[in-house]
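K.L.:
pasting the sequence and the predicted coordinates here, then a few questions.
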Amino acid sequence: MTASSCSGLFQRVDAVLVHSDSQAKLAYELHAPRVSVTDLPPHLPGGAPVERADHDGPPRLLALGMVRDYKGVDLLMEALAQVPGPTLTVAGEMWGASGERVKELAQDPRLRDRVQVHGGYVPADRLAPLLAAHDVLALTYRTATASQNVLLGQQHGLAVLASDVGTFGSQVRDGVDGLLVPAADPEALVAALERLAEPGYAARLRSAVRPPDLSGPWARYVGTIEALAAVEPAAESGLEPGLEPAHAHGSQGDASGPRAVAGHLTHRVGAAVRGLVAASRPEVEVDRADLPEWIRASDILADGDDADEAKAFARSLGLPRGGDAIAAWAALGALAAIVRVRDDGRRSAVIVDESGIRSPLSRWARAIGFAPVELELTGHRSSVEVLDVDTASLDVIVRLHPGGCDADDIDEAMSQASWALRSGGLLCVTLPIGGSEAEGALSPADVRAVLARAHDLGFVLVGDVDGDITGRMRHASDGATRADAAYGLLRLTLRRR
């Protein structure tokens, strides 16, 4: 089948592709615009760790799982024969010639008293005690693509000796909680075993082992499936590039509406915030037709007159007073994006506003009939750390001036929004723009990097960074008089694919 015919086939299929091979991922992304790609989340067998007994002797290595040639157990044993001290347990089914080679090596006089071979399948209920009786999980593979064995070892407190193949290099912190060696490199493997044989070295590695994150990958995985299953809203004419109208998510009383978010609030939020989600009649009637095109979802502010104009326009709509002109400019663009993209006509979008009490966004949204959940950030704690929300349960997350993002926390904000937002949901943030000496500010090149990262996380920009925004950033930088201060404020609206 040719590449072009593959492309035509994939365009007719909605699917989730789970893997960690970057080249395959790139190929599918290039030729399959309707295929969603996500990493396979861990599904570790064996249950919870059991208590470990004290051990003062040489480090105890474990090679776990079916013995096959690509796993390099024979390489490990050949190297171990040259390094006195460490012991090895091989536990798993012996496969063909590879299994026979392992049994043969176990009879080497240099290994006979230090290697135990337990052939056969290891049931799940034996895994935890077996792992607790060892110090180092050995994964000296010749080749690999992806494996969860590093996570399994770390879950049970073992350091990991692994070849730098597949996903191992990103999972093991070399010299911190394990050792990485080049694949099929006997000298490097001997050197690693000699380090492990040093008194106390394996124990130091084990003390730095951190339990793996088992919930975050599942949240992203489930969110991808839910987003794929969701009905994608159809485009309407006359909207900005990237804008799409919302599909209905239920009324104010539905399980998917703002009251559902109230049900997820933890004790840290309290009754005061719960009261914000009570449905109320709109005080001001505002729809898409009332919001002119010059109010852009993504834009840059470099002229104080533009901020004054935005504040005056908000007052002309009858929106409540409050906030300085810059905050009004930030909130007006976000409000326009919400109305244009996430309003189903019943104001049922679930909005979480992290902008702080000096931002008018929540007051304005409430005035036109939405029921936003308004939170004051403590430091850089995000709302998804305060709200116990389900994956893909929010329609809008906003962080606007004066409580907007900066260069240090925009990546975290996007990462959290990538699993908390529904398909089609919006993340609207403001970011300071400035030179390299301006603390917390982003340069135009940094903005490009942010957008590239957003794309990787499943977002598309609502607006045109290649046209008007780039020109405005250039104009703002030309008029800058201080290198240590921001010269503009960027409002970015990103839509979850």
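P.N.:
Looks like it arrived, so ask away. Residues are numbered from 1 along each chain as shown.

K.L.:
tell me where the model's unsure across the stretch 101-250 of the chain.
P.N.:
By pLDDT under 70, the weakly predicted segments of the stretch 101-250 of the chain are 215-216, 219-250.

K.L.:
what's the local residue count around D56?
P.N.:
7 (other C-beta atoms under 10 Å). No exception for glycine: its C-beta is placed from N, CA and C like everyone else's.

K.L.:
state the distance from it to G157.
P.N.:
17 Å (C-beta to C-beta, to the nearest Å).

K.L.:
which non-adjacent residue is nearest D308?
P.N.:
Nearest residue to D308 in three dimensions, chain neighbours excluded: A325, at 5.1 Å (C-beta to C-beta, 6 or more residues apart in numbering).

K.L.:
apologies, that question was intended for L205.
P.N.:
That would be A159: by C-beta to C-beta, 6+ apart, it lies 3.7 Å from L205.

K.L.:
okay, and the beta partners of that neighbour?
P.N.:
V136 (DSSP bridges).

K.L.:
show me the contacts for the residue nearest to D308.
P.N.:
304, 307-308, 310-311 (C-beta atoms under 8 Å, 6 or more residues apart in numbering).

K.L.:
are any of these buried, and which?
P.N.:
Using 16 or more other C-beta atoms under 10 Å as the burial test, these include 307, 310-311 as buried.

K.L.:
local confidence estimate at P360?
P.N.:
In this model, P360 is scored at 91, pLDDT.

K.L.:
and I326, by the same measure?
P.N.:
According to the model, I326 scores 93 on pLDDT.

K.L.:
nearest residue to it in space, please, no chain neighbours.
P.N.:
In space, I326 is closest to A307, 5.0 Å off (C-beta to C-beta, 6+ apart).

K.L.:
what do you get for R497?
P.N.:
G458 (4.9 Å).

K.L.:
what about that neighbour, how many residues close to it?
P.N.:
Neighbour number of G458 under other C-beta under 10 Å is 23.

K.L.:
confirm for me that it is in contact with S418.
P.N.:
Yes: using C-beta atoms under 8 Å, G458 makes contact with S418 at a distance of 5.6 Å.

K.L.:
mind showing which ranges of the stretch 301-450 of the chain have poor pLDDT?
P.N.:
Ranges of the stretch 301-450 of the chain meeting pLDDT under 70: 323, 376-389.

K.L.:
still on that earlier bit, which ones are touching the residue nearest to L205?
P.N.:
135-137, 153, 177-179, 202, 205-206, 209.

K.L.:
who's in contact with P84?
P.N.:
Taking C-beta under 8 Å, 6+ apart, we find P84 in contact with A197.

K.L.:
and for G458 and S418, which residues touch both?
P.N.:
With C-beta under 8 Å, 6+ apart, G458 and S418 have common neighbours R496.

K.L.:
what's the burial count for R204?
P.N.:
For R204, using other C-beta under 10 Å, the count is 13.

K.L.:
and what of E100?
P.N.:
12.

K.L.:
before we move on, what about P199?
P.N.:
By the criterion of other C-beta under 10 Å, P199 has 10 neighbours.

K.L.:
before we move on, what about D456?
P.N.:
Neighbours of D456 (other C-beta under 10 Å): 10.

K.L.:
so what does it look like in phi/psi?
P.N.:
phi -60, psi -30 (degrees, to the nearest 10).

K.L.:
now for it: which residues touch it?
P.N.:
With C-beta under 8 Å, 6+ apart as the criterion, no residue contacts D456.

K.L.:
from S170, how far out is it?
P.N.:
15 Å.

K.L.:
ok, so of the contacts of A159, who is nearest L64?
P.N.:
L137 (6.7 Å; C-beta to C-beta).

K.L.:
all set, thanks.
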